[in-house]
Structure formats: structure tokens, C-alpha cells
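Novice: sequence unknown, structure follows:
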Ligand code: SF4
């Protein structure tokens, strides 16, 4: 019970995030299309857009809580100047 309470606190404070995936890629759309970017996909979006193409990200409970400092450190290993934090 205490573990769940601690995890909830860390999540609410943004110390840990339900990380679905993170990867280095080339932006495929938008103003920065064609430029390198590091993508961080976080679970738990509750907006429910009907056009969302990553609905499997919605359920935060199925994505591992990951320390946000670790996520930042991972992003820093790649040469891109852009980081995209997204849900879908
Ligand atoms: S992840 Fe993005 S596209 Fe999907 S429901 Fe949330 S805001 Fe909408």
C-alpha cells in the first residue's frame, strides 16, 4: 500500500512519468519536418481525441514509471536540438 502511495506522489510531482517509449528519429510532420528529434511518449493522456493514432498510450498503468532525470539523461545522449514530448 505504501509503495502505491509513494508511486502516486512521485507521479504527481513529475519525478517519475509513465514512459511508453523514447526514441531518436527524424520529424515527419510540422514546421520542423525533416529535422532530427528525440521523442518521449508519455502515457496517461485523458483528452480522448478521436484522431489519436496511439490510443494504447492512454492507459498510464501499463507503462513503467520512469525517473524523469533518467529520461532527460537518455535524451542528452543524442545530437538533436529538438525534444518532442507527446502522448499520441
Ligand atoms: S495523445 Fe494527443 S492525439 Fe492522443 S488523445 Fe492525447 S492529445 Fe489527443
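Specialist: Noted; the coordinates are in hand. Predicted model only: the values in this text are computed from it and were never measured. Residues are numbered from 1 along each chain as shown.
Novice: hmm, who's touching the lowest-mean-pLDDT helix or strand in the chain?
Specialist: Across the helices and strands of the chain, mean pLDDT, DSSP states H and E gives its lowest value to helix 2-12, namely a mean of 90. Helix 2-12 is contacted from outside by 16, 17, 18, 60, 65, using Cβ atoms under 8 Å, 6 or more residues apart in numbering. Yep, even glycine has a C-beta here, placed from its N, CA and C like the rest.
Novice: so how far is it from its chain's centroid?
Specialist: 18 Å (Cα atoms, centre = their mean, to the nearest Å).
Novice: biggest separation within the contacts of helix 2-12, which pair?
Specialist: Spanning the widest gap among the contacts of helix 2-12 are 16 and 60, at 11.0 Å by Cβ to Cβ.
Novice: those two: who's more crowded?
Specialist: More crowded of residue 16 and residue 60, by other Cβ atoms under 10 Å: residue 16, with 21 against 18.
Novice: quick one, what contacts the more buried one?
Specialist: By Cβ under 8 Å, 6+ apart, the neighbours of residue 16 are 7, 10, 65, 66, 67, 68.
Novice: neighbours of the fifth one, how many?
Specialist: Around residue 67 there are 13 other residues, counting by other Cβ under 10 Å.
Novice: that one pairs with what?
Specialist: residue 16 (DSSP bridges).
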